[in-house]
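Chemist: Fold the following and give me the result.
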Amino acid sequence: MNSEAYLKTWNTYQAAWGPIPEAERRELLAQSVSDAIVYTDPASQVEGVQALAERIAASQERFTGYTFRNDDFLEHHGQALFHWTMYDATGAVFVRGASFGRFGGDGRIIQATGFFKASQP
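Modeler: Numbers count the residues shown, from 1 in each chain. Just a heads-up that it's a prediction; the model follows:
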């Protein structure tokens, strides 16, 4: 796969974190992450697409209407680093962070690790 394909997959995954219906979230996750995804951030660690969907739903409950935007993207050898900004429901910057992702042979994400101040989402 090439960098453009990895970025497209990451953007699909990241869209699943937005304020969308649960069925759409699950479809976006099915397209972008492995069934055995391992997700970690300062506040949580989950394994499997079901647990990730639950983690995202809990985040949207707590931070309703919040969205992400990638600020930059670096990729090599099936790994990527993303710097991002999270916006509140009014479009104001809420938090900036970084994520590391690893992609499997099918191009879906097998590991995602988020970095931000632990007091944030």
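
Chemist: Which elements pack onto the helix or strand encompassing L7?
Modeler: In this structure, L7 sits in helix 3-15 according to DSSP states H and E. Secondary-structure packing of helix 3-15 (3 or more C-beta pairs under 8 Å, 6 or more residues apart in numbering; DSSP states H and E): helix 22-32, strand 67-76, strand 79-87, strand 93-103, strand 109-115. (Glycine included, C-beta is placed from N, CA and C.)

Chemist: now these in JSON lines, with mean pLDDT and mean neighbour count?
Modeler: Output for the helices and strands packed on helix 3-15, formatted as JSON lines (pLDDT from 0 to 100; neighbours: other C-beta atoms under 10 Å):
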{"stretch": "helix 22-32", "mean pLDDT": "97", "mean neighbour count": "16"}
{"stretch": "strand 67-76", "mean pLDDT": "93", "mean neighbour count": "14"}
{"stretch": "strand 79-87", "mean pLDDT": "95", "mean neighbour count": "17"}
{"stretch": "strand 93-103", "mean pLDDT": "95", "mean neighbour count": "17"}
{"stretch": "strand 109-115", "mean pLDDT": "97", "mean neighbour count": "18"}
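
Chemist: so which of the ones you listed comes closest to Y39?
Modeler: strand 109-115 (5.0 Å; C-beta to C-beta).
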